[in-house]
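Asker: Sharing a sequence plus its predicted fold:
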Amino acid sequence: MQAYKDGVKKFDNGEYDLAIKGFEKAVAENYEPVQTNFLIAESYRLSNRFKEAIPFYKKAIDGGVTNPEAQFQYAYALKTTGQYEEASNQFSLFAKAANSPKPLQERALREIEILKITDRLRTEKMEVELKSLPINTGASEFSPAIRGDELVFSASKKEKIYKNNGQPMLGLYQVAIAKDPSQTQGVPALFSKDIFESEANEGSPAFSPDGKTLVFARGNTGKRKGTVDVDLYMSKNVGGAWTLPAILPINDSLAWDGSPAFSRDGKTLYFASNRAGGAGGIDIYRTNMDASGRFSKPVNMGRDINTAGDDMFPYVAEGGKLYFASDGHPGLGKLDLFSATRSQGVITIENMGLPFNSPQDDFGLVFYKGLKKGFFSSNREGGKGDDDIYYFAAPEEPDTTTIAKNDDPTDPMSPKNPNYINGQPKTVRYFLAGEVFTNTTPGVPIDSAIVRILPDTSDTEITRLATDRAGKFGNQPVEVGQSYVLLVEKKGYISKREPFSMNGRSIPPIFLTKLLTDTVFTVRVNLDKLELNKTFVLENIYYDLNKYNIRPDAAIELDKLVQILKDNPTVKIELSSHTDARATDAYNMTLSQNRAESAVNYLNLKGIDADRMTAKGYGERQLIVPDAKTEEEHQRNRRTEFTILSY
C-alpha cells in the first residue's frame with residue numbers, strides 16, 4: 001500500500017520514472033493491480049515511452065479499468081508502434097463506448113479514417129538516403145541546428161537525472177560537421193559554459209541567419225509542476241562570447257513555450273506553445289522583431305497549420321517554405337514531418353512520407369547547404385537510444401531536359417500532382433448530420449426536436465432542421481475552417497448547445513481517389529428532461545483554499561450555465577455549493593454560502609435576472625463520499641450544483 005501511495009505522489013509531481021518504480025512494487029504486492037497497471041502505462045506515455053506503455057494498458061483494460069481515456073491511449077500507443085489494424089479496432093471500441101469523453105471521441109473517429117490510408121502514406125516514398133549519425137548514443141540527441149559548419153543540438157549529457165524519464169538532463173552541445181555529413185562524429189563539446197544550467201533541461205536551439213543570436217528552450221527545473229516550467233531564452237554572440245541568456249517577453253507564464261525557429265531574414269521568430277486560445281494541444285505561433293529587439297504580440301499560425309493535436313518544431317527553409325512536426329495532421333505515427341505551401345491564398349499541407357516519417361516521433365528537420373540534404377530527429381525503431389539525429393541526402397537532380405512534363409508534380413496533368421486527376425481539381429463536399437437522444441433513457445431517440453445551426457460567432461440562424469422518428473437530422477453543407485453551434489430544442493427538455501468545428505477535419509487531396517468526394521460528419525446530442533428538483537453538477541468549478549471569489553477557470557464554466565439559462569428563459573434554479581468535511585461544520589456552512597452567493601452574483605452580472613436564482617450553501621451536509629480519504633474523493637464532495645425549482 002505504501003509503495004502505491006509513493007508512486008501516486010511521484011506521478012502527481014511529474015516524476016514518472018520514479019513513479020514507475022513505486023507502482024512496480026505495488027503490482028508485486030498485488031495492491032490495486034488494475035489501477036496500478038493503468039498508472040504505469042500513463043507514466044510511460046507521459047514520459048514519451050508509448051511502446052513500453054502498451055502491455056500495461058492492456059492489463060488495465062482487461063482488468064476492467066474505469067478511466068474512460070484508457071482505451072484511447074492504448075489505441076494511440078498501438079499506432080505509434082505500427083500496429084495499425086489493432087489500433088483501429090481499439091479506436092472503434094472507444095468511439096462506441098457511452099462514457100467516452102467527446103473531444104477524444106472525435107479524435108478517435110478521425111484516427112480511424114487516418115489509419116485507413118496509412119498504406120497510401122507509406123507508398124509516398126522520396127528517393128532519399130537516410131543515415132544515423134555516429135554521435136548518437138543510448139540517451140537522447142535531437143533538435144539539430146546549423147551554425148556555419150557546426151552542428152548544435154540537444155543532448156542528455158548533464159549529471160543531474162531528469163525524474164520524468166530517468167535520463168540525464170538536456171544541454172546544448174556542438175560538433176563539427178564532417179566533409180561527408182553522414183560521418184559526423186567525435187565527442188560533442190558543450191556549446192557554451194555561459195549557456196548551461198545544471199538543474200534544468202536546455203534544448204531546441206535556433207540561430208539567426210547571421211549566427212549571432214541564439215534562442216532556445218529552458219525549463220523543467222522542478223520549481224513548478226508540469227510543462228508550464230519551460231520558457232524561451234535568448235543569448236547573443238558579442239566579441240566571440242555568448243551573453244548570459246535572458247528570458248523572452250513572449251513567453252506565457254501558464255504555458256509550455258519551446259521549439260523556436262527564425263525566418264530567413266531573421267525578422268520573425270516562430271515557436272510552439274500550448275497557451276490558451278489555440279486550436280488545441282501545442283500550436284505554432286509567430287512574432288516579429290524590430291531593430292531594437294522588441295517583439296510584437298505572438299500570432300497563432302491558424303487552423304490550416306495548427307490542429308487539435310500537437311503542432312511544433314517549425315523550420316523555415318530557403319525560399320520561405322515552412323516545415324513542421326505534427327500528430328494532428330494525417331500521419332504514420334505520433335509526430336510526423338510535414339511541409340506547408342501557400343499558393344493563391346490557399347495553404348496546402350503535405351506529409352513528407354517515407355523515409356522521413358515512421359510510426360514513432362519524427363521532428364526537428366533542418367536543411368544543410370541547399371534543399372537536398374540535412375538533418376532531423378527521430379526515436380524510430382533501429383536507433384541507438386531514445387531520440388537520435390539522422391542525416392538525409394537526395395540524389396543529384398538529373399538533367400531537366402530528360403524530365404517529361406507529366407513527371408512535374410506541379411503540373412495539373414501529372415499523375416504525381418496530388419491535387420488533380422487528369423487536369424481537373426479534386427474536390428470534397430462536407431455535410432453535417434446528427435442524432436438526438438434523451439439522457440433520461442439512454443438510446444431512446446427524440447422525434448421532432450428542432451436543430452438550429454448557427455455560426456459560433458453569433459445567433460444568426462444558418463438553417464433549421466427537425467429530427468425524424470429515429471432522432472436523426474441532416475444533411476447540412478458545412479465549410480472548411482468554419483465553426484458552428486447546434487442549438488437543439490424540444491418542449492419538455494432543456495435546450496442544449498453543441499459545438500461543431502471543421503478545423504482539422506478537411507481531407508488532404510493525397511487521400512482522395514476521385515474527382516468529387518462527399519463526407520458526412522455525424523454529431524450526437526443528448527437532451528435532459530425538464531424535471532422539478534432535478535440536479536446537475538457543474539464540472540470544474542474550483543475556488544482557492546478558504547476563498548469564494550470567482551476564478552477565471554470557474555468563470556469559463558459558469559458562462560456555460562449563463563448560456564443554458566438564456567436558452568431556457570422560464571427555468572428558475574437553486575445554485576448550491578458544497579464543501580468536503582475537513583473543517584468545522586459552521587465554517588463550511590459559511591464558506592459554501594458565500595461561494596454560492598458569489599456564483600449567483602456572477603450570473604446576475606452576466607444578464608440573468610436575480611429572481612430566477614437562489615443561492616444555497618450546504619457545507620458538508622450532503623457528502624457524496626461520506627468517508628472520503630483520498631484527494632479525489634474530497635474533490636467529489638467539493639462541488640457546485642444547480643437544481644431546477646420551476647419552469
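Answerer: Done, it's in.

Asker: before we move on, what SS does the most centrally placed residue in the chain have?
Answerer: Central residue of the chain (C-alpha atoms, centre = their mean): Gly281, 2.4 Å from the mean position. Three-state assignment for Gly281 (DSSP: H, G, I helix; E, B strand; the rest coil): coil.

Asker: For it, which non-adjacent residue is spatially closest?
Answerer: Asp310 (4.4 Å; C-beta to C-beta, 6 or more residues apart in numbering). Where you see a C-beta, it was placed from the backbone N, CA and C, and this is true even at glycine.

Asker: Quick one: residues contacting the residue nearest to the centre of the chain.
Answerer: Going by C-beta atoms under 8 Å, 6 or more residues apart in numbering, Gly281 touches Asn274, Thr307, Ala308, Gly309, Asp310, Asp311, Asp327, Gly328.

Asker: Would you mind measuring from it to Gly82?
Answerer: 22 Å (C-beta to C-beta, to the nearest Å).

Asker: circling back: got phi/psi on the residue nearest to the centre of the chain?
Answerer: For Gly281, the backbone dihedrals (degrees, to the nearest 10) come out as phi 60, psi -140.

Asker: now swap in Pro245 and tell me
Answerer: Residue torsions, per degrees, to the nearest 10, at Pro245 are phi -60, psi 140.

Asker: Tell me the confidence at it?
Answerer: Here, the pLDDT recorded for Pro245 equals 95.

Asker: Same check on Ala200?
Answerer: In this model, Ala200 is scored at 92, pLDDT.

Asker: and what of Leu322?
Answerer: Reported pLDDT for Leu322: 95.

Asker: Could you find the closest non-adjacent residue to it?
Answerer: That would be Ala340: by C-beta to C-beta, 6+ apart, it lies 4.4 Å from Leu322.

Asker: Next: Ala3.
Answerer: Excluding the flanking residues, the one nearest Ala3 by C-beta to C-beta, 6+ apart is Lys25, at 3.7 Å.

Asker: now do Pro33
Answerer: Nearest residue to Pro33 in three dimensions, chain neighbours excluded: Val27, at 6.0 Å (C-beta to C-beta, 6+ apart).

Asker: which ones are touching Asn594?
Answerer: Here Asn594 is in contact with Tyr548, Gly617 (C-beta under 8 Å, 6+ apart).

Asker: C-terminal to whatever helix or strand it lives in, which secondary structure element comes first?
Answerer: Here Asn594, judged by DSSP states H and E, is contained in helix 585-605. Remark: after helix 585-605, the chain's next helix or strand is strand 613-619, criterion DSSP H and E.

Asker: C-alpha coordinates for the helix or strand that comes right after that following strand, PDB please?
Answerer: The helix or strand immediately downstream of strand 613-619 is helix 631-637, counting by DSSP H and E. Taking C-alpha atoms only, helix 631-637 is exported to PDB below (Å, rounded to 0.1, in the frame of the first residue of the first chain):
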ATOM      1  CA  GLU A 631      -7.900  13.800  -2.500                       C
ATOM      2  CA  GLU A 632     -10.100  12.600  -5.400                       C
ATOM      3  CA  GLU A 633     -12.900  11.600  -3.000                       C
ATOM      4  CA  HIS A 634     -12.700  15.000  -1.300                       C
ATOM      5  CA  GLN A 635     -12.900  16.700  -4.700                       C
ATOM      6  CA  ARG A 636     -16.100  14.900  -5.500                       C
ATOM      7  CA  ASN A 637     -17.600  16.300  -2.300                       C
END
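
Asker: for the stretch 201-350 of the chain, what are the low-confidence residue spans?
Answerer: 221-228 (pLDDT under 70).

Asker: So for the closest residue to Leu512 other than its chain neighbours, what's the pLDDT?
Answerer: Spatial nearest neighbour of Leu512, excluding adjacent residues (C-beta to C-beta, 6+ apart): Lys426 at 4.4 Å. In the predicted model, Lys426 carries a pLDDT score of 85.
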